[in-house]
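**Student:** Structure, please.
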Amino acid sequence: MILFVFEGRDDKTYFESIRRLFFPDKSDTFVCTYNSNIYSLYSKLKAHDALNGLLEVDTVSVLKEILLEKGDHTLENIREDEVSEIYLFFDYDFQESGGTLEENNKKLQAMLDFFMDETGNGLLFINYPMVESLRYTKELPDNDYWTYTVTRKRCQEERFKHQVHEFSFYGGNLEYLVLMVKPADDAGKIREKTDLIKKNWRHLIVMNVSKANYICSGKNEVPDEMSSQVEVFENQLVKYVETEDCKVAILNAFPIFMFSYFGKKIIDGM
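**Tutor:** Predicted coordinates for the structure are as follows:
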């Protein structure tokens, strides 16, 4: 069983598309939870002293505790030994005012250090500045994607979701990423849509993986091996966040996860 943990419902839309298109044979082994928050998870782990290394605690139990407090019984009957891999997806959200930016960066660093192994505590992936970064693109493939950044000030003045809607070639239309079958669609039409959407996801994988590599190495190209999420975060801080402009390089976690999971074969087809 593979456990996926997401921050919000928007994540669900994108992940369900990924699951349907790229994991058709494994989808019944997936368990997904939503409406978690990285800082509530941090606080809970801190309360258990897990982040200090003073106490061993399994991620499934901590997540179960958080979800049950919200009336969510998704994990109620799932044991830690039933889960083989854990993947977590959260937003950087550096525009948030709950705590200083420095404090929140320290918390995120601690979380990335804790969630470094999908077969252990779990593997954490971060969206910069949030999951809508997936749609911050001109017509695919967007060869300028590696250059896109956004300042903290702008995210505080205007919601990033609104910026995405205005910037994106596709506006609010998700049909280039999500398969939407209409009553009039025959098998050929559905196959045509599916092929196009998978092609678009592969463009996004190349764009995001190359950009992550650029953030870490200065080379805007697909690497042989993906940089770790810790490396990406630390380079985001040094090269973008802790500069005079206080910005982040726009980057999405889902394409990076797919490259990390499948390797280079995801780009050429499977």
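**Student:** For Leu45, which non-adjacent residue is spatially closest?
**Tutor:** Nearest non-adjacent residue to Leu45, counting by CB to CB, 6 or more residues apart in numbering: Leu51, 5.1 Å away. Where you see a C-beta, it was placed from the backbone N, CA and C, and this is true even at glycine.
**Student:** secondary structure class for the one you found?
**Tutor:** coil (DSSP: H, G, I helix; E, B strand; the rest coil).
**Student:** Identify the residues contacting it.
**Tutor:** Tyr42, Leu45, Ala110, Met111, Phe114 (CB atoms under 8 Å, 6 or more residues apart in numbering).
**Student:** Can I have the buried ones of the residues you listed as a PyMOL selection?
**Tutor:** Buried members of these, defined by 16 or more other CB atoms under 10 Å, are picked up in PyMOL with:
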select buried, resi 42+45+111+114
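**Student:** Which of the contacts of Leu51 fall within strands?
**Tutor:** Nothing among those maps onto strands, per DSSP state E.
**Student:** Looking at the contacts of Leu51, spot the one nearest Met258.
**Tutor:** Distances from Met258 to the contacts of Leu51, taken as CB to CB, are shortest for Met111 (21.4 Å).
**Student:** gap between that closest one and Tyr128?
**Tutor:** 15 Å (CB to CB, to the nearest Å).
**Student:** same thing with Cys155?
**Tutor:** Distance from Cys155 to Tyr128, by CB to CB: 11 Å.
**Student:** And Ser17, by the same measure?
**Tutor:** Distance check for Ser17 against Tyr128: by CB to CB, it reads 21 Å.
**Student:** Over to Asn143?
**Tutor:** 20 Å.
**Student:** Looking at those two now, which is surrounded by more residues?
**Tutor:** Just comparing Asn143 and Tyr128: by other CB atoms under 10 Å the higher neighbour count belongs to Tyr128, 27 against 9.
**Student:** give the contact list for that one.
**Tutor:** Tyr92, Gln236, Val248, Ala249, Ile250, Leu251, Asn252.
**Student:** again, 7 Å this time
**Tutor:** The neighbourhood of Tyr128, defined by CB atoms under 7 Å, 6 or more residues apart in numbering, consists of Tyr92, Gln236, Val248, Ala249, Ile250, Leu251.
**Student:** Looking at those residues, spot the one nearest Thr74.
**Tutor:** Nearest member of those to Thr74, counting by CB to CB, is Tyr92, at 24.9 Å.
**Student:** can you confirm Leu123 is in a helix?
**Tutor:** No - using three-state DSSP, the assignment for Leu123 is strand, not a helix.
**Student:** can you tell me how far it sits from Tyr148?
**Tutor:** Counting by CB to CB, the gap from Leu123 to Tyr148 is 25 Å.
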